[in-house]
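>>> this one's sequence-less:
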């Protein structure tokens, strides 16, 4: 199934509405559908990350954050924010030591961005 750009934007807008009104589980399929046509769409990916977090799907949240951290177009601040969500997902799944080491890496990213 091929979606037009207008249909993709509608799905993302509908998903954003659902997330804001406490229905993240219903937003996830809409965002996945929109991302089939454009897998690297930053807005849809960020909303999917929010939906996973709000829906307490911490493992999915962690893996999506890992994927987003690899995207070169993210600014250091955005990488820091995505990384924090990733750390919170690790803590929520009782991976405290991994969260601490990742948080140290995030601090370094933030310090490097302030230095330049």
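Happy to help now that I have it. On a predicted model such as this, the values are computed, not experimentally measured, just so you know.
>>> CA atoms for contacts and neighbours, from now on please.
Noted.
>>> Tell me where the protein has helices.
Ranges of helices within the chain are 5-20, 24-37, 42-54, 58-69, 76-92, 96-115, based on DSSP state H.
>>> Need the residues that contact the third one.
Read that as helix 42-54. With contacts defined as C-alpha atoms under 8 Å, 6 or more residues apart in numbering, helix 42-54 is touched by 12, 15-16, 19, 22, 24-25, 27-28, 31-32, 34-35, 58, 60-61, 64-65, 68, 89.
>>> do that again at 6 Å, thanks
The contact list for helix 42-54, computed with C-alpha atoms under 6 Å, 6 or more residues apart in numbering, reads 24, 61.
>>> avg pLDDT for stretch 108-116?
Mean pLDDT, stretch 108-116: 78.
>>> What residues of that stretch count as buried?
109, 110 (16 or more other C-alpha atoms under 10 Å).
>>> can you give me the offset of it from its chain's centre?
22 Å (C-alpha atoms, centre = their mean, to the nearest Å).
>>> List of residues touching it?
Contacts of stretch 108-116 (C-alpha under 6 Å, 6+ apart): none.
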